[in-house]
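Asks: sequence plus predicted model, see below.
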Amino acid sequence: AALSVPVTCKIRLLKPGLENLQETLNLCYGLQAAGCSLLTLHGRTKEMKGQAVGAADWEACRIVKSRLDIPVFVNGGIETFQDVERCMATTGCDGVMSSEALLETPSLFSGKVVAQDQLAADYLDFAKLYDVKTSTVKAHLFHILYAGLQFHV
């Protein structure tokens, strides 16, 4: 495909279980053929959220990565810096993506332990610098401070 800009895609596993991986592989092959330059694969299906979240299937992600010629990032199951290292070692992926854990620990990818109050202060500095809406600031501060409040209150 002759695309004028890089196109990245993020998908989830289509069905759970390695025996059902072919459908996901077929989708990935199609995306690659259409010109996708980087694929992020979430190691869970769309049904796996809330109370049914379950573990991310890093083995399925490893297989998908091994079959594609483009870089593959893995999403799902990344809660700590050690998870980043384990995921990359287990899947052979080119990078990882995290969402929920980064809301609580914005320093996650640095590998450094930073106190929640310092993270909150740093976040407030950025919020002031970029004129972030109060509702957004409150939501992000809740995520950053929640675990500490649960522990101490």
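Replies: Yep, it's here.
Asks: walking through the chain, point out its helices one by one.
Replies: Secondary structure of the chain (DSSP state H): helices located at 21-33, 58-67, 81-91, 100-104, 116-129, 134-152.
Asks: out of these, flag the one nearest K10.
Replies: Nearest to K10, of all these, is helix 21-33, at 10.3 Å by Cβ to Cβ. Every C-beta, even on glycine, is put in place using the N, C-alpha and C of the backbone.
Asks: the closest one - what's its average pLDDT?
Replies: For helix 21-33, mean pLDDT rounds to 98.
Asks: and that helix, C-alpha only, in CSV?
Replies: Taking C-alpha atoms only, helix 21-33 is exported to CSV below (Å, rounded to 0.1, in the frame of the first residue of the first chain):
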residue,chain,number,x,y,z
LEU,A,21,-6.1,-17.4,17.2
GLN,A,22,-6.3,-17.8,13.4
GLU,A,23,-9.1,-15.2,13.0
THR,A,24,-6.9,-12.6,14.8
LEU,A,25,-3.9,-13.6,12.7
ASN,A,26,-6.0,-13.2,9.5
LEU,A,27,-7.0,-9.7,10.6
CYS,A,28,-3.3,-8.8,11.4
TYR,A,29,-2.2,-10.1,8.0
GLY,A,30,-4.8,-7.9,6.3
LEU,A,31,-3.8,-4.8,8.3
GLN,A,32,-0.1,-5.5,7.5
ALA,A,33,-0.9,-5.9,3.8
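Asks: chain center to that helix: distance?
Replies: How far helix 21-33 lies from its chain's middle: 20 Å, per Cα atoms, centre = their mean, to the nearest Å.
Asks: on that earlier part again, out of the helices of the chain, which is closest to R12?
Replies: Per Cβ to Cβ, nearest to R12 of those: helix 21-33, 8.4 Å.
Asks: which helices and strands does the closest one pack with?
Replies: Applying 3 or more Cβ pairs under 8 Å, 6 or more residues apart in numbering; DSSP states H and E, one finds that helix 21-33 makes contact with strand 7-12, strand 36-42, helix 58-67.
Asks: who's in contact with the nearest residue to R62 once chain neighbours are set aside?
Replies: Nearest residue to R62 in three dimensions, chain neighbours excluded: T91, at 4.3 Å (Cβ to Cβ, 6 or more residues apart in numbering). Residues in contact with T91 (Cβ atoms under 8 Å, 6 or more residues apart in numbering) are W58, C61, R62, K65, V72, V74.
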